[in-house]
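A.B. asks: Could you work out the structure for the sequence below:
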Amino acid sequence: MKQKFSIIFGMLAILSLMVTPLALAQSPAFDGTAAEEEGYWYSRYNLGNLVFRSGMGDVFMPEKAVVMQMIQAVDSNPDDGDTAAPSKNVALLRSVFASGDPHYITKFNPDDFATQRWDPASFDTTVTTPALAWTITKEAEWSKQFHVDNHFGKASDNFGAQWRFVGMILNAESKMQIQYALQNLKTDQGLFANSDGTVDYSGNWVMLIALSDVGSVTMMDAVPHSDTNRYLDNNASMMFLNAADMLYTALASRQPADTRELSLAIQGLTWFAAHATNADHQAEAITKISQFGDQLAGASFSTATEKSAAIRGLVEAYRVSGDSKYLDAAANTFNSLSGEYDTANNVFSSQNTYTIDDIATIFGALNSLKIFGGSAVDQNTVQNIFTNFYENAVNKSGLQMAAPPIPIAKGTFEQDEPPIFYSYPGMPAPPMAGGEFGVAPVFATEVKFDGGNWSVTNARFDTAGAMHASNEFIWFHNDEVDGFPVIKENAMMGNAMAAPAALPVTGGETSTPLNLHLLLAIAGVALIGGGVLVKQTIGSKG
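C.D. replies: Now for the predicted structure:
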């Protein structure tokens, strides 16, 4: 079976070489739907290669007992021909490192994730707050996606079991990474520091998102678009939401330093207020959102990224407050942004270099205007920039460096869409993407437009930026995974002090999902990338 899959993948990879290179390719019929669908898959490719394949973090080993419990939770009828199974040599991460070189270091074998590791010598082993927080958020958001009943099925269905299993693992991984942050990165002031001791305030606002997100998903009776919640864990939820409350308290007197931090502060406060356990703190957060929105509304911005950060924050201030002055300010800022858009080259005139975090910020702004801008902006202009800038800055630039062929690492029920939904024509398969052994299907750190051509100017993987972009990209599909939380009274308010404010080091005496030492033993699974799903007995050779 392994030989058969290897031969098939080899044939698919060879065929991918026969496609005209990106720089010479005739533009396909690329539209906004293609951009949204590619965003979905690129988000999935980037997350899975980081947290299951790369080895770029604190790796832990699996244990069989918890895996079997998870499989039973996602598949109530294992005899229906659709079963979940772990894959070989998955590298689960308890923490994530700041950056690394995503080139493979040995001959690629789609059946063995050990051959899809990245070079440890290339890793910046700093654990940064934004990298960890955006990763935790990404895991929470994709766990919700894999819980959508009419997309990935229910436990009783005969399709989607593997991906429901992936959702269980992602949820558990996010809980373990929060534990790591609370035990290793928390300061005496209640903030989170990078592993080198540096306090990144922007990263702390993102951590407020992460704690609130995971705390909320483990509290819900039913995940959105589902009848159930396989992640329900009230004790863990209370711990995480209390941790969010403590972080809010530490940030309460913070004045953001610049446009980017103002925007992230508004986003973090919105997530916090939507799931707050303390009514007074919720009210304070809502007030701060308006105060920071006022600051953005009265500011001026020089680059496309700054304008986009302002738009993203202003739209959230409008959503939370209902005050149209913030939407008007966002619209005015968009008029400035669209006014500098060069339709001949599909770039913004204020900058010719774009980091992956810039891309995340710009598309976060455009997506928020598509969803909430209404008639305050010219929606045709928003859509045109969204589509054309995506095609150029994400695809033609080489920012997304590779993509697996359609039959690889997707459920058979997911393979019937137009090919352009999965990757852009001419994008190489991972083994053919460069270097001796190939490149993982992930984002580069930076691209540049020199007036005539795009080029990748930094091919490293930047965890914070890539996970930020992966979140914004999955939120293109807010009909299934909604990255714009609505603030209402939390049912857990008034009970916030009933649970400990931090996770116990030993895991505590609770149900299996909360026992984080057992969760350290979760087995891996192929999420996405260049490989295939392989049924593999835990601990076996092969």
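A.B. asks: Which pLDDT value belongs to residue 90?
C.D. replies: What the model reports as pLDDT for residue 90 is 89.
A.B. asks: Next one: it relative to residue 166, how far apart?
C.D. replies: Going from residue 90 to residue 166 by C-beta to C-beta, to the nearest Å gives 11 Å. Where you see a C-beta, it was placed from the backbone N, CA and C, and this is true even at glycine.
A.B. asks: List the buried residues in the lengthiest helix in the chain.
C.D. replies: Identified as the longest helix of the chain according to DSSP state H is helix 161-184. Residues of helix 161-184 classed as buried: 161-182 (neighbour count, 16 or more other C-beta atoms under 10 Å).
A.B. asks: where does the stretch 51-200 of the chain have low pLDDT?
C.D. replies: Applying pLDDT under 70 to the stretch 51-200 of the chain picks out residues 62.
A.B. asks: where exactly do the helices run in it?
C.D. replies: Per DSSP state H, counting those that start in this stretch, the stretch 51-200 of the chain carries helices over the ranges 64-74, 129-145, 149-152, 161-184.
A.B. asks: okay if I get the ones you listed as TSV plus distance to residue 53?
C.D. replies: Listed next are the helices of the stretch 51-200 of the chain as TSV, based on distance: least, C-beta to C-beta, whole Å:
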stretch	distance to residue 53
helix 64-74	18
helix 129-145	14
helix 149-152	21
helix 161-184	13
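A.B. asks: Tell me which of those sits nearest to residue 203.
C.D. replies: Distance to residue 203, taken as C-beta to C-beta, is lowest for helix 129-145 among the helices of the stretch 51-200 of the chain, at 3.1 Å.
A.B. asks: roughly how far is the closest one from the heart of the chain?
C.D. replies: Using C-alpha atoms, centre = their mean, to the nearest Å, the distance from the centre of helix 129-145 to the centre of the chain it belongs to is 5 Å.
A.B. asks: What is the end-to-end distance of stretch 222-233?
C.D. replies: 12 Å (C-alpha to C-alpha, to the nearest Å).
A.B. asks: So for that stretch, what gets flagged as buried?
C.D. replies: Buried residues in stretch 222-233 (16+ other C-beta under 10 Å): 223, 225-226, 229-233.
A.B. asks: Tell me which of the helices of the stretch 51-200 of the chain sits nearest to residue 213.
C.D. replies: With C-beta to C-beta as the yardstick, what comes closest out of those is helix 129-145 (4.4 Å).
A.B. asks: so what secondary structure elements neighbour the closest one?
C.D. replies: helix 32-48, strand 92-96, helix 161-184, helix 201-217, helix 463-474 (3 or more C-beta pairs under 8 Å, 6 or more residues apart in numbering; DSSP states H and E).
A.B. asks: Looking at the ones you listed, which is nearest to residue 396?
C.D. replies: By C-beta to C-beta (comparing all of these), the closest turns out to be helix 32-48, at 12.4 Å.
A.B. asks: Could you list every helix and strand in contact with the closest one?
C.D. replies: Right, helix 32-48 is packed against helix 129-145, helix 379-389, helix 463-474 by 3+ C-beta pairs under 8 Å, 6+ apart.
A.B. asks: So which residue is dead centre in this protein?
C.D. replies: residue 138 (3.1 Å; C-alpha atoms, centre = their mean).
A.B. asks: That one and residue 473 touch, don't they?
C.D. replies: No: under the criterion of C-beta atoms under 8 Å, residue 138 makes no contact with residue 473, lying 9.9 Å away.
A.B. asks: what do the two both touch?
C.D. replies: Jointly contacting residue 138 and residue 473 under the rule C-beta atoms under 8 Å, 6 or more residues apart in numbering are residue 43.
A.B. asks: Strands along the stretch 201-350 of the chain, start to end?
C.D. replies: 341-342, 347-348 (DSSP state E, counting those that start in this stretch).
A.B. asks: from the middle of its chain, how far away would the last one be?
C.D. replies: Its chain's C-alpha centre and that of strand 347-348 lie 25 Å apart, by C-alpha atoms, centre = their mean.
A.B. asks: What pairs with it, parallel or antiparallel?
C.D. replies: With DSSP bridges as the test, strand 347-348 is paired with strand 341-342 (antiparallel).
A.B. asks: Contacts made by the strand it pairs with with the rest, please.
C.D. replies: Contacts of strand 341-342 (C-beta under 8 Å, 6+ apart): 347-349, 385, 389.
A.B. asks: which one of the helices and strands packed on helix 129-145 lies closest to residue 248?
C.D. replies: That would be, of the helices and strands packed on helix 129-145 and by C-beta to C-beta, helix 201-217, which comes in at 6.5 Å.
A.B. asks: What is the least confident helix or strand in the protein?
C.D. replies: Least confident helix or strand of the chain, by mean pLDDT, DSSP states H and E, is helix 516-519 with a mean of 40.
A.B. asks: Next, the contact list for residue 381, please.
C.D. replies: residue 338.
A.B. asks: Return the distance of it relative to residue 457.
C.D. replies: Taken as C-beta to C-beta, the span from residue 381 to residue 457 is 29 Å.
A.B. asks: can you check residue 212 too?
C.D. replies: In terms of C-beta to C-beta, residue 212 sits 35 Å off from residue 457.
A.B. asks: Looking at those two now, which is surrounded by more residues?
C.D. replies: Neighbours per residue, other C-beta atoms under 10 Å: of residue 212 and residue 457, the larger number sits with residue 212, 30 against 16.
A.B. asks: quick one: that one from residue 218, how far?
C.D. replies: In terms of C-beta to C-beta, residue 212 sits 11 Å off from residue 218.
A.B. asks: Mutual contacts of those two, please.
C.D. replies: residue 240.
A.B. asks: Residue 351 touches residue 305, doesn't it?
C.D. replies: Yes: between residue 351 and residue 305 there is a contact at 6.8 Å, judged by C-beta under 8 Å.
A.B. asks: The two: which has the busier surroundings?
C.D. replies: Taking other C-beta under 10 Å, residue 351 and residue 305 do not tie; residue 305 has more neighbours (24 against 17).
A.B. asks: who's in contact with that one?
C.D. replies: By C-beta under 8 Å, 6+ apart, the contact list for residue 305 reads 260, 351, 354, 358, 361-362.
A.B. asks: Sitting in helices, which of these do you find?
C.D. replies: Using DSSP H, the subset of the contacts of residue 305 located in helices is 260, 358, 361-362.
A.B. asks: State the number of residues packed around the residue nearest to residue 264 when sequence neighbours are not counted.
C.D. replies: Counting by C-beta to C-beta, 6 or more residues apart in numbering, residue 205 is the residue found nearest to residue 264 once chain neighbours are left out, at 4.3 Å. As a burial measure, residue 205 scores 28 neighbours (other C-beta under 10 Å).
A.B. asks: how far away is residue 403 from residue 66?
C.D. replies: Distance of residue 403 to residue 66, given as C-beta to C-beta: 32 Å.
A.B. asks: Could you do residue 392 as well?
C.D. replies: Distance of residue 392 to residue 66, computed by C-beta to C-beta: 45 Å.
A.B. asks: now residue 158
C.D. replies: When distance is defined by C-beta to C-beta, residue 158 is 24 Å away from residue 66.
A.B. asks: Tell me which of the two has more neighbours.
C.D. replies: For the pair residue 158 and residue 66, the greater number of neighbours falls to residue 66 (21 against 13), based on other C-beta under 10 Å.
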